[in-house]
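# here is my input; please provide its structure:
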Amino acid sequence: MPKSPARVITDGPRPKHAQLSDVLADLAVRELGPESAIPSERELMATYDVSRATVRKAIESLIADGLLNRIHGKGTFVATPRLESRLHLASFSQDMRRRGLTPSTRLLSVELDEPPADVAKALDLSADGSAWRVDRVRLADGEPIALENGWYPERLLPGLDRHDLGGSLYDLFTEVYDLTIESAEQTLWGEAADATTARRLDAPVNTPLLVFRRVSYSAGRPLEYVVSRYRGDRYQLHMSLGRDGIGPSSTTSEGQQQ
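Numbering: from 1, shown residues only. Modelled structure (predicted):
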């Protein structure tokens with residue numbers, strides 16, 4: 001129950017569910033804090049003298065806004081604030097350090113393999129060209145944020161598996177191979193976490209994901225094909241837009257990988 005006196009929900013020009021949403025948002029931010037449970041539906045009905053339908057509509061609106069998070073079988077909790085990134089070309093490590101967070105990496109596997117046809121085409125590989133497949137989980141302050149599945153041409157990166165892949169690959173490419181990522185093409189979509197992805201990200205199955213597919217270039221040559229799946233409840237994207245699709249960020253790519 002809220003510590004401060006309950007605000008009165010009245011009949012008026014603003015719907016009751018909107019008034020209750022304001023009350024719950026204030027309660028979540030000022031009194032409860034991230035990962036705290038909000039009062040039950042029954043408690044909210046009694047405290048604010050509103051119907052169950054009003055309570056549910058207020059809660060649903062805050063879940064849609066990302067302020068609350070419902071966990072099946074447990075209840076509704078104040079959501080952990082999402083990390084926000086602007087569209088830019090930078091490494092995951094740089095991105096997290098700018099926020100005052102400590103980046104780290106859990107290397108799942110690195111192996112030389114023949115990539116799928118679409119990957120081979122994007123990397124401009126010959127029919128028998130091989131590439132390194134690198135699977136990693138990226139963390140911020142020990143919290144899993146993203147699952148990365150990347151492909152890198154062997155001919156440009158010989159012996160990649162002999163190096164430490166626990167930090168920024170972009171720094172490694174520059175310092176060891178004299179290859180600097182200078183541009184990238186990226187596509188974004190949403191999906192739900194399957195059981196394997198959820199387990200690796202320490203998240204519930206069907207957690208919403210932001211998925212980035214990126215092809216990065218060094219001196220005009222494709223050097224990276226990577227698909228990164230970010231926890232949608234931990235990460236959000238900021239874009240600055242201008243008229244006719246021309247804006248400060250329109251020619252750059254999201255810097256959340258590597």
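# name the nearest residue to A192, sequence neighbours excluded.
N206 (4.4 Å; CB to CB, 6 or more residues apart in numbering). For glycine as for every other residue, the C-beta is placed from the backbone atoms N, C-alpha and C.
# same question, T207
Excluding its sequence neighbours, the residue lying closest to T207 (CB to CB, 6+ apart) is A193, at 4.4 Å.
# repeat that for R7.
Residue nearest to R7 in three dimensions, not counting chain neighbours: V23, with 5.1 Å by CB to CB, 6+ apart.
# what's near enough to touch the one you found?
With contact set as CB atoms under 8 Å, 6 or more residues apart in numbering, V23 has these partners: 7, 9, 48.
# re earlier: pretty sure the residue nearest to T207 sits against A203.
Yes: with contact defined as CB atoms under 8 Å, A193 reaches A203; the gap is 5.8 Å.
# now do the buried residues in stretch 172-188.
172-173, 177, 179, 181, 184, 186 (16 or more other CB atoms under 10 Å).
# how about stretch 110-120?
Neighbour-count burial for stretch 110-120 flags 110, 115, 119-120 (criterion: 16+ other CB under 10 Å).
# quick one: I63 from G220, how far?
Look at I63 and G220: by CB to CB, to the nearest Å, they are 45 Å apart.
# so which of those two has more stuff around it?
Applying other CB atoms under 10 Å to I63 and G220 shows that I63 carries more neighbours, namely 14 against 7.
# what's the closest non-adjacent residue to the more buried one?
Distances taken as CB to CB, 6+ apart put R70 closest to I63, at 5.9 Å, once the chain neighbours are dropped.
# so who does that neighbour touch?
Contacts of R70 (CB under 8 Å, 6+ apart): 59, 63, 76-77.
# repeat for S61
Per CB under 8 Å, 6+ apart, neighbours of S61: 17-18, 21.
# and it, how far from A120?
46 Å.
# now L101
Distance from L101 to A120, by CB to CB: 35 Å.
# give me the three-state assignment for V8.
The three-state label given to V8 by DSSP: H, G, I helix; E, B strand; the rest coil is coil.
# count the residues that sit near it.
If we define neighbours as other CB under 10 Å, then V8 has 9 of them.
# look up phi and psi at the closest residue to Q19 other than its chain neighbours.
Excluding the flanking residues, the one nearest Q19 by CB to CB, 6+ apart is I9, at 5.0 Å. Per-residue torsions, I9: phi -100, psi 120 (degrees, to the nearest 10).
# quick check: I9 touching K16?
Yes: using CB under 8 Å, I9 is in contact with K16, at 5.3 Å.
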